[in-house]
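In: Turn this into a model:
(one chain, ligands or ions: 2)
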Amino acid sequence: MTNQFDLVVIGGGPGGYVAAVRGAQLGLNVAVIEQRATLGGTCLNVGCIPSKALLDSTELFHQAKTKFSVHGIDISEPKANWKQMLQRKRDVVATTTKGIDFLMQKNKITRFVGKGTIQSPTTVSVANNGETSLVTGGKILIATGSTVTPISTVPFDGKRIISSDEALELPEIPTTMIIIGGGVIGVEMGSIYARLGTKVTIVETMDGLIPTMDRELGRALEKSLRHLDMVFHFGTKVTSAISGDTVVTVSAEDKRGELVTLTADYVLVAVGRRPNTDGLGLDGLGIPVDSRGRIEINDHYQTSVPSIYAIGDVVRGIMLAHKASEEGVACVEQMVGQKSHVNYDAIPGVVYTWPEVASVGKTEDELKQAGIPFKKGNAPFKASGRARAAEESDGFIKVLAHKETDEILGIHMIGPRVADLIAEAVVAVEYRASAEDIGIMSHPHPTFSETLKEAALAASGNRAIHF
Ligand code: FAD
Ligand code: NAD
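Out: Numbers count the residues shown, from 1 in each chain. Ligands and ions are numbered 1, 2, ... in the order given. Here you go, the predicted structure:
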């Protein structure tokens, strides 16, 4: 096998494998180095895909328990078969990661299994089971992603104090679980277990859930999750955790400075992720990282060494699979001289709870802070016939538009299937549509999408028809 390539990609996640495929489409001879046995990175192996598989199974279980009878479907009390849920999740992951192997073959991309270390501006060593080989490339793309972040006061033990990796493979449905961090992983993993009957307590330092998203979304999500009997401690900081054989005891300090003591079967630490740069060889090449350990790049994804590029979770910006993939494509297209770019203002964020949460563009707080005058339209799903027919009336869609020009600046949603509805909002932001543009476009009836039209009409001049 020749070890000489035009492009060597380190990391086979949604950033790396997509960049590799695009490079091959553009005629480059590409290699991918991945230390995991399977391709697909965090997202396919221990992130997006397995978490969504369990979210879908547990939501169906929850609906069978709580909604079937309302629809006139009488069944005996459903039981959760956790072993089968886990097996289905593993099968979904296996099929999806095998799909990436197929893409590598189809695009004639060479795969190296092992840990990559950059030795020079054009050489990477690959270490696997005590053996090392050298791979050279005209260009090297770092797409090594991120990994779980520990808290110094609550170190992982992999048994009782766990990360999302272990939370996706617990041997049993816990009776109780404490989750440190009310961000995306906290509310998604919390939903999985709360739907199965686990008593879930979330401890969050900020004053609400998913605090980086528009604040109204976090408040509405909290209300919905309280229906799953979730308990929340906001403005609370964990100070220590003591792990026993069967339980963990967590000590925390609330916003009044009072001690809070909590005990549970498991503590899931979900306070963010850190970039993967250990052993990459950055120091030897003088490639700097920022204060959060992220590789510094210029507008063309180039590091301080011109032949070495970096994208995805290992660089600045939001840690999302689609952001990593868009960067992979733009980076490789720029390598061959195309004028590609990523519009960072139009990257959607989705939280796969139920109701789902989705967002694109600026939040109300961001617009206020920037002093941009805006108007808003807020349409409730309660006013939607489709939502009533589906017994899914919780939530709303909020459209924020410029006060004078009517240009859409942000769209924030919580409700049924908003993970898919957000795509229309992305088109609106990308093409700089006005609220009126969306408001006067025909939306199929009856669909959840009509609520976006209503919110746009409300924002563009108090013209909503149904509320
Ligand atoms: P990664 O996917 O982390 O891939 C990097 C790969 O590089 C890894 O496979 C790693 O093994 C490999 N690697 C690292 N160092 C080396 C080395 N030196 N040599 C060889 N290989 C190396 N995002 C979404 O958009 N939607 C979601 O629904 C979603 N859900 C998530 C759920 C969970 C539980 C988690 C943890 C994350 C989730 N994310 C989600 C985030 C998403 O997984 C990441 O943003 C995305 O995977 C980043 O892609 P990447 O290619 O930059 O890195
Ligand atoms: P996050 O940044 O979304 O949330 C972490 C939360 O922990 C924040 O709300 C923060 O205020 C809180 N926190 C930080 N330190 C704390 C402490 N000591 N005690 C209590 N709370 C503390 O991070 P995450 O949920 O760990 O997710 C990691 C990354 O994975 C995110 O960047 C996210 O975008 C990505 N992800 C995305 C999805 C999705 O797109 N649906 C799903 C899961 C993960």
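In: Packing partners of the longest strand seen in the chain?
Out: Using DSSP state E to define each element, the chain has its longest strand at strand 131-142. If you count contacts as 3 or more C-beta pairs under 8 Å, 6 or more residues apart in numbering; DSSP states H and E, strand 131-142 packs onto strand 4-10, strand 30-34, strand 115-120, strand 123-128, strand 308-310, helix 321-335. Glycine gets a C-beta too; all of them are placed from N, C-alpha and C.
In: what's the closest of the ones you listed to ligand 2?
Out: helix 321-335 (7.3 Å; C-beta to the nearest ligand atom).
In: what packs against the closest one?
Out: Judged by 3+ C-beta pairs under 8 Å, 6+ apart, helix 321-335 is in contact with helix 16-25, strand 131-142.
In: For the last one, buried residues please.
Out: Applying a neighbour-count criterion of 16 or more other C-beta atoms under 10 Å, one finds 135-137, 139-142 buried in strand 131-142.
In: and the residue of the chain found nearest ligand 2, what does it touch?
Out: Closest residue of the chain to ligand 2, C-beta to the nearest ligand atom: Gly183 (1.8 Å). By C-beta atoms under 8 Å, 6 or more residues apart in numbering, the contact list for Gly183 reads 204, 210-212, 270-272.
In: same check, this time on Thr153
Out: 238-241.
In: Next, format the helices and strands packed on helix 321-335 as TSV and append distance to Glu454 and mean pLDDT.
Out: Shown next, in TSV, are the helices and strands packed on helix 321-335 (distance: least, C-beta to C-beta, whole Å; pLDDT from 0 to 100):
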stretch	distance to Glu454	mean pLDDT
helix 16-25	36	98
strand 131-142	44	97
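In: now the ones you listed as CSV including distance to Asp299?
Out: Output for the helices and strands packed on helix 321-335, formatted as CSV (distance: least, C-beta to C-beta, whole Å):
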stretch, distance to Asp299
helix 16-25, 17
strand 131-142, 16
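In: of those, which approaches ligand 1 most closely?
Out: Between ligand 1 and the helices and strands packed on helix 321-335, the shortest separation by C-beta to the nearest ligand atom is 5.2 Å, and it involves helix 16-25.
In: ok, and what's touching that closest one?
Out: Outside helix 16-25, the residues within contact range by C-beta under 8 Å, 6+ apart are 6-7, 9-10, 12, 30, 32, 34, 39-41, 100, 103-104, 107-109, 141, 143-145, 311-312, 324-325, 327-329, 331-333, 335.
In: quick revisit: would CSV of the buried residues of strand 131-142 with distance to Leu196 be doable?
Out: Shown next, in CSV, are those (distance: C-beta to C-beta, whole Å):
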residue, distance to Leu196
Val135, 45
Thr136, 50
Gly137, 47
Lys139, 47
Ile140, 44
Leu141, 40
Ile142, 39
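In: which two in those residues are spaced the farthest apart?
Out: Across the buried residues of strand 131-142, the longest distance by C-beta to C-beta is 15.6 Å; it joins Thr136 and Ile142.
In: Got the phi and psi for Glu407?
Out: The phi/psi pair for Glu407 (degrees, to the nearest 10) reads phi -60, psi 140.
In: So for stretch 140-151, what gets flagged as buried?
Out: For stretch 140-151, a neighbour-count test (16+ other C-beta under 10 Å) marks 140-148, 151 as buried.
In: contacts with ligand 2 among those, please.
Out: Subset of those in contact with ligand 2: Ile151, counting by C-beta under 6 Å from any ligand atom.
In: and which of the buried residues of stretch 140-151 is nearest to ligand 1?
Out: Gly145 (2.0 Å).
In: What sits closest to that closest one if chain neighbours are left out?
Out: Nearest residue to Gly145, sequence neighbours excluded (C-beta to C-beta, 6 or more residues apart in numbering): Asp313, at 4.4 Å.
In: looking at this, that neighbour is in a helix?
Out: Yes: counting by DSSP: H, G, I helix; E, B strand; the rest coil, Asp313 is found in a helix.
In: And the pLDDT at it?
Out: Per-residue confidence (pLDDT) for Asp313: 98.
In: residue contacts, it?
Out: By C-beta under 8 Å, 6+ apart, the residues touching Asp313 are 13, 15, 42, 145-146, 273, 275-276, 319, 324.
In: hang on, the earlier thing: next, format the buried residues of stretch 140-151 as a markdown table and append distance to Leu285.
Out: Shown next, in a markdown table, are the buried residues of stretch 140-151 (distance: C-beta to C-beta, whole Å):
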| residue | distance to Leu285 |
| --- | --- |
| Ile140 | 10 |
| Leu141 | 14 |
| Ile142 | 11 |
| Ala143 | 17 |
| Thr144 | 14 |
| Gly145 | 19 |
| Ser146 | 21 |
| Thr147 | 21 |
| Val148 | 26 |
| Ile151 | 31 |
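In: re earlier: which members of the contacts of Asp313 are the farthest-apart pair?
Out: So, these by C-beta to C-beta: farthest apart are Gly15 and Arg273, at 13.7 Å.
In: quick revisit: turn the helices and strands packed on strand 131-142 into a markdown table, including mean neighbour count and mean pLDDT.
Out: Output for those, formatted as a markdown table (neighbours: other C-beta atoms under 10 Å; pLDDT from 0 to 100):
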| stretch | mean neighbour count | mean pLDDT |
| --- | --- | --- |
| strand 4-10 | 25 | 98 |
| strand 30-34 | 28 | 98 |
| strand 115-120 | 19 | 98 |
| strand 123-128 | 18 | 97 |
| strand 308-310 | 28 | 98 |
| helix 321-335 | 23 | 98 |
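In: now these in JSON lines, with distance to ligand 2?
Out: Formatted as JSON lines, the helices and strands packed on strand 131-142 follow (distance: least, C-beta to the nearest ligand atom, whole Å):
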{"stretch": "strand 4-10", "distance to ligand 2": "20"}
{"stretch": "strand 30-34", "distance to ligand 2": "20"}
{"stretch": "strand 115-120", "distance to ligand 2": "23"}
{"stretch": "strand 123-128", "distance to ligand 2": "27"}
{"stretch": "strand 308-310", "distance to ligand 2": "17"}
{"stretch": "helix 321-335", "distance to ligand 2": "7"}
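In: about what we covered before: which ones among the contacts of Asp313 map onto helices?
Out: Counting by DSSP state H, the contacts of Asp313 place 42, 324 in helices.
In: Please point out which parts of stretch 70-88 sit buried.
Out: 80, 82, 85-86.
In: Keep only those that also lie close to ligand 1.
Out: Among the buried residues of stretch 70-88, no residue sits close to ligand 1 (C-beta under 6 Å from any ligand atom).
In: Rebuild these as TSV, extending it with pLDDT, distance to Glu253 and secondary structure.
Out: Below are the buried residues of stretch 70-88 laid out as TSV (pLDDT from 0 to 100; distance: C-beta to C-beta, whole Å; DSSP: H, G, I helix; E, B strand; the rest coil):
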residue	pLDDT	distance to Glu253	secondary structure
Ala80	98	35	coil
Trp82	98	34	helix
Met85	98	36	helix
Leu86	98	36	helix
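In: Return the closest of those residues with respect to Thr249.
Out: Nearest to Thr249 among the buried residues of stretch 70-88, with distances taken as C-beta to C-beta, is Trp82, at 25.2 Å.
In: ok, and what's touching stretch 206-216?
Out: By C-beta under 8 Å, 6+ apart, the residues outside stretch 206-216 that reach it are 182-184, 186-187, 202, 204, 217-219, 221-222, 225, 232, 234-235, 349, 351, 357, 359, 363-365, 398, 410, 412.
In: If we use 7 Å, what do you get?
Out: For stretch 206-216, the external contacting residues (C-beta atoms under 7 Å, 6 or more residues apart in numbering) are 182-184, 187, 217-219, 221-222, 234-235, 349, 351, 357, 359, 363-365, 398, 412.
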